[in-house]
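>>> sequence first, then the predicted structure:
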Amino acid sequence: MQVKAGDLLENINYPSDLKKLSENELEQVCQELRQYIIDVVSVNGGHFAASLGVVELTVALHYILNTPYDQLVWDVGHQAYGHKILTGRRDMFDTNRLYGGISGFPKRSESEYDTFGVGHSSTSISAALGMAVASQYKGEIDRQHVAVIGDGSMTAGMAFEALNHAGIENSNLLVILNDNNMAIDPNVGALKDYLTSITTSKPYNRFRDDIATVLAKISAIGPDAYNMALKIEKSIKGTLLKRSNFFEALKFRYFGPIDGHDVKNLVKVLNDLRDIPGPKLLHCITVKGKGYALAEKDQTKWHAPGLFDKITGEIKKATYEKPQPPKYQDVFGHSIIELAEANSKIMGITPAMPSGCSLNLMMKVMPNRAFDVGIAEQHAVTFSAGLATQGLVPFCNIYSSFMQRAYDQVIHDVAIQKLNVVFCLDRAGIAGADGPTHHGAYDLAYMRCIPNMTVSAPMNEEELRNLMYTAQLDNMGPFVIRYPRGNGVMVDWQRPFKAIQVGKGRKICDGEEIALLTIGHIGNEAVKATAALNAEGYYPAHYDIRFVKPLDEALLHEVFKKFDKVVTVEDGCIEGGMGSAILEFMADNNYKSQVVRLGIPDSYIEHGDQPELWAECGYDANGIAAKVKKLAIKPAAHTIAS
């Protein structure tokens, strides 16, 4: 559905068109850009509130900067919809996050204006600093480098590492701190309190109003006058704040806080900052969801609301005649409360995703036993390890793709010490419209190679509950449970807990000639495939491996003694995943079967709905059935006993 843009926006194809307008027309551009985002996202879905909150900042940046020569880096990219619309993708914006359409995040291969591909938080300062140092090395002294980072992303260690380095480089770098006191959920931690103290200091705010303009003018006089002005400014700032400015201590020139929704003042300030040398930080106060009242009131709900009626604000949800299975994340959220009620040692930890992983349910009823540690995956893992040393059982819930950021901590702080930390990896496998930065493709491969680690995946909601129950028994050591985004397959899922024997798989159905070996939720696609194949006279056996480490060797001996053709199916990377583990077992035990592996290929899969992407990779029900028929000699005209 093509949505019509406003009168001014309709004629802005690139930032060069934006620059033709007067400053007085920018407010109308902002209104039209905000409305265009509302119009398109309401009917197509996507991230919503974050982009509304930076409309004025986006317009001001592209008005002042000479993009793409000047390098503009967006952190995470949730907020970059306005940027995409202003940089040649307005008429493609209705394909945002759809299969075959433009990405929901900045992507270098999509546009020269997307200077750095993003999807995970806290990378922008490091990337922009690298660009700034490169420009300095090449003699491009007129080139601007801007990193736009939210206060939520600033809580990650990588952001501090970059600030620490940038402070000693005399590079042309501007960091814009987009401060709205939100990540996806409300921000937590001491940095949030510190930023609040700055924004509420009335004497300080009166003083800083014109400081950027003054410094820009003094810099034209000469370096001596400029340096003297800096010393005076620093002294006054420290006095007014009654403590040193954190960013100034890292040798950044700090400006702000300023209203991030006053586009005219933003243009003025950004223009002044162009002439101030060295690393600078501009602190902008914004409202996530600005301009859409419901999004301003409930910013977490409207981070990515799905489809909605833009007039009434009603979020559209599919209606069903029959009850539907729950989301795996909600099964986790309710089950950990049940387990924690029975076991006082259980704690819950998440890095800034309490609503996304449903740990928020535990945080409400057991606030002293559930922790949101901010966007800090490395800290989340080692914090969990610290809890485990004291006899507690932490359930550390991190999205599969985000766990990649804490791999050293998993090995060094948990696995080597054999600590009973339960890693619940949400969004494992193909994650959907968020695309390659969010697909949980690698966890089976990167976890199964770690000594002392148990690695499991439930095929349904009941198995998720039982694996969670098993993981907190008898000091199990490091224990991974990975499960996908979205709904399971069981309506009647809240059954009594039962322990599962670690390293024990199960036979789903018997068969002949070909065996299907699956792990996790994708095994339900194999169930569909088997039913369709049976109707055509093909009878493959189906086994749910359930544990990729340790493997069920007894089950595998049974498989390889009986079947000379084996198909492995996993919602994860083929390289090093479950199929590779099966091949290793086969080679180690001198079996000679033909093994075909289905899974995510050795390439990055783009965005789209999960079923679309499973089909593209060839391991949906149709893909599995097609592979079985290709391997089979011919349909069997007989019945297999169960």
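That came in fine, so what should we check first?
>>> quick one, helices of the stretch 451-600 of the chain?
Chain-ordered helices for the stretch 451-600 of the chain, with DSSP state H, counting those that start in this stretch as the definition, fall at 461-471, 523-535, 553-562, 578-588.
>>> list the buried residues for the third one?
Spelled out, that is helix 553-562. Residues 555, 556, 559, 560 are the ones in helix 553-562 that count as buried (16 or more other CB atoms under 10 Å). C-beta here means a position set from N, CA and C on the backbone, and glycine is covered the same way.
>>> the helices of the stretch 451-600 of the chain into TSV, with extra columns for mean pLDDT?
Below are the helices of the stretch 451-600 of the chain laid out as TSV (pLDDT from 0 to 100):
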stretch	mean pLDDT
helix 461-471	98
helix 523-535	98
helix 553-562	98
helix 578-588	98
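>>> for residue 83, which of those helices is the nearest?
Proximity to residue 83, assessed across the helices of the stretch 451-600 of the chain by CB to CB, is greatest for helix 523-535 (37.3 Å).
>>> which strands and helices lie in contact with the closest one?
When contacts are defined as 3 or more CB pairs under 8 Å, 6 or more residues apart in numbering; DSSP states H and E, helix 523-535 packs onto strand 506-509, strand 514-518, strand 541-544, strand 565-573, helix 621-631.
>>> repeat that for 10 Å
Using 3 or more CB pairs under 10 Å, 6 or more residues apart in numbering; DSSP states H and E, the elements in contact with helix 523-535 are strand 506-509, strand 514-518, strand 541-544, strand 565-573, helix 610-617, helix 621-631.
>>> pull the helix or strand with minimum mean pLDDT from this structure.
Per-element confidence for the chain was summarised using mean pLDDT, DSSP states H and E. The lowest value among helices and strands belongs to helix 202-208, with a mean of 50.
>>> out of the helices and strands packed on helix 523-535, which gets nearest to residue 285?
In terms of CB to CB, the element of those nearest to residue 285 is helix 610-617, at 37.8 Å.
>>> tell me the angle of that closest one relative to strand 565-573?
Angle, helix 610-617 to strand 565-573, by axes from the mean of the first three to the mean of the last three CA atoms, to 10 degrees: 130 degrees.
>>> buried stuff in helix 610-617?
610, 612, 613, 614, 615, 616, 617.
>>> grab the nearest non-local neighbour of the second one.
Residue nearest to residue 612 in three dimensions, not counting chain neighbours: residue 99, with 4.8 Å by CB to CB, 6 or more residues apart in numbering.
>>> so how far is residue 118 from that neighbour?
Counting by CB to CB, to the nearest Å, the gap between residue 99 and residue 118 amounts to 21 Å.
>>> just residue 181 next, same as before
21 Å.
>>> out of those two, which sits in the more crowded spot?
Relative neighbour count places residue 118 above the other of residue 181 and residue 118, with 23 against 18, counting by other CB atoms under 10 Å.
>>> for the more buried one, grab phi and psi.
Its backbone dihedrals place residue 118 at phi -140, psi 170, with angles given as degrees, to the nearest 10.
>>> contact partners for it?
The neighbours of residue 118, taking CB atoms under 10 Å, 6 or more residues apart in numbering as the test, are 73-78, 80, 105-108, 124, 127, 437.
>>> tell me the spatial nearest neighbour of it, not counting adjacent residues.
residue 77 is the one closest to residue 118 (CB to CB, 6+ apart), at 4.3 Å.
>>> shouldn't the one you found be within a strand?
No - when DSSP: H, G, I helix; E, B strand; the rest coil is applied, residue 77 is found to be coil, with no strand at that position.
>>> ok, the spatially closest residue to residue 553 that is not a sequence neighbour to residue 616 distance?
Beyond its immediate neighbours in the sequence, the residue positioned closest to residue 553 (CB to CB, 6+ apart) is residue 585, lying 7.1 Å away. Distance, residue 585 to residue 616, using CB to CB: 29 Å.
>>> and if you look at residue 391?
For residue 391, the distance to residue 616 equals 47 Å [CB to CB].
>>> rewinding a little: just the helices of the stretch 451-600 of the chain: most buried one?
helix 461-471 (a mean of 24; mean count of other CB atoms under 10 Å).
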